[in-house]
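1. kindly generate the corresponding structure for this input.
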Amino acid sequence: MPILVITGTGTEVGKTVTTAAVAAAALAAGRTVAVLKAAQTGVRPDEPGDAEEVARLAGGVTTAELARYPEPLAPATAARRAGRAPVHPHEIAEAAAKLATEHDLVLVEGAGGLLVRFDAAGGTLADAARLLSAPVLVVASAGLGTLNTTELTARELRARGLDLAGLVIGSWPDSPDLASRCNVADLPDVSGAPLLGALPAGAGGLAPADFRSTAAGWLAPRLDGTWDAEAFRVREAP
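-> The predicted model follows:
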């Protein structure tokens, strides 16, 4: 798995922190890691973006960002409003493929959900994943409403012939409600994909050293971690 595309079922589901956890676990396993942010929106030129946040939390990763737009909008819209060139799927794929020649693992982080548009032609992260023949990791929320958005994302990936590597719950609450606890069993069922991790709420607020030392415990062995999905399901079952 030299390239892994990471998307979310929407915004604010923990995609960047999950990317950082995957990077930290891979680094701890002795792999070299690059993180590619396809398009960064809503960040000023002098502010750190998502790729820099991954590096802050995970440590020694190579970071790359193809474009940055000031307004917090979909990349295609943000590019149009800023009067700047958009990012196209083939550019994302080319950048990721180049990084893969120099690193053991390349993490390609999208913007928002799978079908957020990058350009006026409707190019998406799914198109970049297809060009790369890369598996896609989906970051989902824990609570009410996540089953619908997760199943829609999984169906779209399969309709495009893409490999859904699995799911990660981007923020598992300290005191999960009934819906969240039921979703531990229901998410793999509706998506047809394994649950590969669950990050504790507030993980991104940990000191980097603490984040790096515990990240592997949030992720399954397929992601270089030690997290046990069945034990988690049994523990959290209602």
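
2. could you use CA atoms for every contact and neighbour count after this?
-> OK.

3. now do the helices in this structure.
-> 15-28, 50-58, 75-82, 89-100, 125-132, 146-159, 178-191, 208-214, 229-236 (DSSP state H).

4. most tightly packed of those?
-> Stretch with highest mean neighbour count among these: helix 15-28 (a mean of 27; mean count of other C-alpha atoms under 10 Å).

5. what's it packed up against?
-> Helix 15-28 makes packing contacts with strand 3-8, strand 33-37, helix 50-58, strand 105-113, strand 164-172, helix 208-214 when contacts are defined by 3 or more C-alpha pairs under 8 Å, 6 or more residues apart in numbering; DSSP states H and E.

6. for Leu66, which of these is the nearest?
-> Leu66 lies closest, by C-alpha to C-alpha, to one member of those: strand 33-37, at 6.7 Å.

7. so what touches that closest one?
-> 23, 26-27, 50-51, 54, 60-66, 95-96, 99, 103-110 (C-alpha atoms under 8 Å, 6 or more residues apart in numbering).

8. then stretch 104-115?
-> Here stretch 104-115 has contacts from 1-12, 15-16, 19, 23, 26, 31-40, 74-75, 96, 99-100, 124-126, 153, using C-alpha under 8 Å, 6+ apart.

9. could you rerun that using 7 Å?
-> Residues from elsewhere that reach stretch 104-115 (C-alpha atoms under 7 Å, 6 or more residues apart in numbering): 2-11, 31-39, 96, 99-100, 124-126, 153.

10. repeat for stretch 207-225
-> 21-22, 24-26, 29, 56-58, 196-199, 226-228.

11. okay, the helices of the chain in a markdown table with mean pLDDT next?
-> Shown next, in a markdown table, are the helices of the chain (pLDDT from 0 to 100):
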| stretch | mean pLDDT |
| --- | --- |
| helix 15-28 | 97 |
| helix 50-58 | 96 |
| helix 75-82 | 96 |
| helix 89-100 | 97 |
| helix 125-132 | 97 |
| helix 146-159 | 97 |
| helix 178-191 | 96 |
| helix 208-214 | 97 |
| helix 229-236 | 94 |
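
12. TSV for those helices, including distance to Arg117?
-> Below are these laid out as TSV (distance: least, C-alpha to C-alpha, whole Å):
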stretch	distance to Arg117
helix 15-28	17
helix 50-58	18
helix 75-82	6
helix 89-100	10
helix 125-132	8
helix 146-159	15
helix 178-191	23
helix 208-214	32
helix 229-236	33
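
13. of those, which approaches Leu167 most closely?
-> Per C-alpha to C-alpha, nearest to Leu167 of the helices of the chain: helix 178-191, 7.7 Å.

14. from Arg181, how far out is Ala23?
-> 27 Å (C-alpha to C-alpha, to the nearest Å).

15. likewise for Ala20?
-> 25 Å.

16. now do the end-to-end distance for stretch 167-183.
-> Start to finish, the residues bounding stretch 167-183 are 12 Å apart (C-alpha to C-alpha).

17. contacts for that stretch?
-> 13-15, 18, 137-144, 193-201, 236-238.

18. returning to what we had before: now the helices and strands packed on helix 15-28 as JSON lines including distance to Asn148?
-> Shown next, in JSON lines, are the helices and strands packed on helix 15-28 (distance: least, C-alpha to C-alpha, whole Å):
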{"stretch": "strand 3-8", "distance to Asn148": "13"}
{"stretch": "strand 33-37", "distance to Asn148": "26"}
{"stretch": "helix 50-58", "distance to Asn148": "26"}
{"stretch": "strand 105-113", "distance to Asn148": "13"}
{"stretch": "strand 164-172", "distance to Asn148": "14"}
{"stretch": "helix 208-214", "distance to Asn148": "30"}
